[in-house]
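Colleague: Pasting the sequence and the predicted coordinates here, then a few questions.
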Amino acid sequence: GDSVTQMEGPVTLSEEAFLTINCTYTATGYPSLFWYVQYPGEGLQLLLKATKADDKGSNKGFEATYRKETTSFHLEKGSVQVSDSAVYFCALSSTGFQKLVFGTGTRLLVSP
Amino acid sequence: DAGVTQSPTHLIKTRGQQVTLRCSPKSGHDTVSWYQQALGQGPQFIFQYYEEEERQRGNFPDRFSGHQFPNYSSELNVNALLLGDSALYLCASSTSTTNNYGYTFGSGTRLTVV
């Protein structure tokens, strides 16, 4: 079945450092790929998405490129802020009924 | 524009009891999905409702059931609660009329089974 694998956390960075969170997937067909963010005590917020190979999703300085050849969708940001501290989830949705399959999440901690 | 509303925000139940969680979707959305998020884990898909019918179901036992009303709101029912049912239950709404996959999540209901 479909699955998503994320790098384990926590990822601890200083403010203004470069961020990469790795995500790889296994799926039949051509899924859409997503990054969601969860702040403490809150639900999930869509950060960015890509619906086909080579698409780049971007939002709030975060970027991720849909790489079909490596089945990856790594999240990057050039300069993190303390306010970026949260848990980040990579997810996919295969064509059809829009069910989301999530990774286990990666906690990001950014210190001043 | 109100987003997804879930109620209650927290509740505590005893093993063996039954619980009902409620979700109102974002305005304009007609599809509701439910997810279970155990502590430190990613959300797991429970089921999805569209046109008042269960359209797809994840790997959850029959103790988990749901309902969608004509106004698109939804309920999640869990019978014979187990300690392992303790989790954050998330509702997500979306629309079936676009290919946008624009899910909107609620803030969740934190269920504790003691």
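Modeller: Perfect, I can see it now.
Colleague: Quick one: name the residues of chain A near chain B.
Modeller: A:4, A:32, A:34, A:36, A:41-46, A:49, A:51, A:89, A:91, A:93, A:97-105 (Cβ under 8 Å from any Cβ of the partner chain). Bear in mind the C-beta positions are built from the backbone N, C-alpha and C, glycine included.
Colleague: I only care about these that end up buried; give me the PyMOL line for that.
Modeller: Command for PyMOL, covering only those of the residues of chain A next to chain B found buried under the criterion 16 or more other Cβ atoms under 10 Å in any protein chain shown:
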select buried, chain A and resi 4+32+34+36+43+44+46+49+51+89+91+93+98+99+100+101+102+103+104+105
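Colleague: For chain B, name the helix or strand with the lowest mean pLDDT.
Modeller: strand B:104-105 (a mean of 90; mean pLDDT, DSSP states H and E).
Colleague: Next one: the helix or strand just after that strand, is it in contact with chain A?
Modeller: As assigned by DSSP states H and E, the chain's next helix or strand after strand B:104-105 is strand B:109-113. No: Strand B:109-113 stays clear of chain A (Cβ under 8 Å from any Cβ), getting no nearer than 9.0 Å.
Colleague: Low-confidence ranges, chain B, go.
Modeller: B:1-2, B:97-101 (pLDDT under 70).
Colleague: That one against chain A: which residues are in contact?
Modeller: B:4, B:31, B:33, B:35, B:40-45, B:48, B:55-56, B:58, B:90, B:92, B:94, B:99, B:101-108.
Colleague: Let's see which of the residues you listed end up in strands.
Modeller: B:31, B:33, B:35, B:44-45, B:48, B:55-56, B:90, B:92, B:94, B:104-105 (DSSP state E).
Colleague: what's the least confident helix or strand of chain B packed up against?
Modeller: On a contact count with 3 or more Cβ pairs under 8 Å, 6 or more residues apart in numbering or on different chains; DSSP states H and E, strand B:104-105 meets strand A:44-50, strand B:87-94.
Colleague: residue closest to the middle of chain B?
Modeller: What sits nearest the mean C-alpha location of chain B, by Cα atoms, centre = their mean, is B:W34, with 3.1 Å.
Colleague: How about the contacts made by B:L81?
Modeller: The contact partners of B:L81, by Cβ atoms under 8 Å, 6 or more residues apart in numbering or on different chains, come to B:13-19, B:113.
Colleague: for the residues you listed, which one is nearest A:S79?
Modeller: B:V113 (42.7 Å; Cβ to Cβ).
Colleague: sorry, back to before: partner strands of the least confident helix or strand of chain B, parallel or antiparallel?
Modeller: Strand B:104-105 has these partner strands in its sheet, going by DSSP bridges: strand B:87-94 (antiparallel).
Colleague: Just the C-alpha atoms of stretch A:20-29, please, in CSV.
Modeller: The C-alpha trace of stretch A:20-29 is given here as CSV (Å, rounded to 0.1, in the frame of the first residue of the first chain):
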residue,chain,number,x,y,z
THR,A,20,16.0,20.3,5.0
ILE,A,21,13.4,17.7,6.0
ASN,A,22,13.6,14.5,3.9
CYS,A,23,10.5,12.7,2.7
THR,A,24,10.2,9.7,0.4
TYR,A,25,7.1,7.9,-0.7
THR,A,26,5.8,4.7,-2.1
ALA,A,27,2.6,4.8,-4.1
THR,A,28,0.9,3.3,-7.1
GLY,A,29,0.1,5.7,-9.9
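Colleague: Show which residues not belonging to that stretch make contact with it.
Modeller: Under Cβ under 8 Å, 6+ apart, the answer for stretch A:20-29 is A:2-7, A:11, A:31, A:33, A:35, A:64, A:70-76, A:88, A:90, A:92, A:94-95, A:101, A:103, A:106, A:108.
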